[in-house]
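Student: Have a look at this prediction, sequence included:
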Amino acid sequence: KARQKKPAAAETTAVAPPAPAVTVDYAFSPQVTLAGYDLAVNDQPLAVAQVDRVVRPGDEVVYTLYWRGTEPLAANYHTLLHWVDAQQQPLVQRNQLPGPWVNPPQLWQAGELQADVFRLVVPEDAASGQYTPMVGVYLTASASPDGQVRELGNRYALPALKVVNSPATRPAQRQEARLG
């Protein structure tokens with residue numbers, strides 16, 4: 001009888017994320033750096049130089065943040081993305097463990113880019129105005145030695161987005177004007 005060969009064990013290789021469209025290189029700490037980001041609205045990438053970053057209620061805005069651990073991390077840090085108005089009041093916010101759950105920050109290889117996707121939907125009742133996306137990194141209370149939430153460094157401001165919402169109702173009175 002001929003012996004059948006056992007199939008070779010499947011090799012798994014990590015696929016590095018693509019380079020970010022916008023390079024940042026902002027260190028939240030000596031161990032964690034925001035290397036850059038991509039931005040898309042309703043699945044359409046926004047160009048780096050695009051000045052009119054206008055969104056409307058119901059739009060899905062996707063930020064892909066690219067993190068780099070500069071050395072092995074001792075804890076699973078969490079990331080946040082909050083859109084705030086001029087008074088620092090949040091319009092929409094999301095906090096999460098960065099990257100896929102099978103590759104939390106403690107498993108990151110030093111120097112490798114790690115993609116962290118934030119999907120945000122502009123609320124239907126959003127007031128028109130300019131909102132600044134703020135990025136942060138923090139240690140949760142359960143992971144902190146003293147049981148307190150610990151934010152790393154200062155938050156980083158991404159370029160602002162303008163929300164344009166149409167009025168809910170027509171004016172109560174008709175206005176007429178004559179020119180000339």
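Tutor: Sure thing, it's come through. Residues are numbered from 1 along each chain as shown.

Student: Relative to the whole chain's centre, how far out is stretch 69-83?
Tutor: Its chain's C-alpha centre lies 12 Å from the corresponding centre of stretch 69-83 when counted by Cα atoms, centre = their mean, to the nearest Å.

Student: same question, stretch 46-62
Tutor: Relative to where its chain is centred, stretch 46-62 has its mean C-alpha point 13 Å off (Cα atoms, centre = their mean).

Student: buried ones in that stretch?
Tutor: Within stretch 46-62, the residues scored as buried using 16 or more other Cβ atoms under 10 Å are Leu46, Arg53, Val55, Arg56, Pro57, Asp59, Val61, Val62. C-betas here are computed from N, CA, C, even on glycine.

Student: and the last one, helix, strand or coil?
Tutor: Same thing as Val62. In three-state terms, and counting by DSSP: H, G, I helix; E, B strand; the rest coil, Val62 is strand.

Student: Quick check: chain neighbours aside, which residue is closest to it?
Tutor: The shortest distance from Val62 to any non-neighbouring residue, by Cβ to Cβ, 6 or more residues apart in numbering, is to Ala40 (4.7 Å).

Student: before we move on, the earlier item: if we only consider the buried residues of stretch 46-62, which is nearest to Ser142?
Tutor: Among the buried residues of stretch 46-62, Val62 lies closest to Ser142 (Cβ to Cβ), at 28.3 Å.

Student: quick one: contacts for that closest one?
Tutor: Residues in contact with Val62 (Cβ atoms under 8 Å, 6 or more residues apart in numbering) are Asp38, Leu39, Ala40, Val41, Asp43, Val117, Phe118, Arg119, Leu120.

Student: Check the residues you listed for burial and list the buried ones.
Tutor: Buried residues within the contacts of Val62, counting neighbours by 16+ other Cβ under 10 Å: Asp38, Leu39, Val41, Phe118, Leu120.
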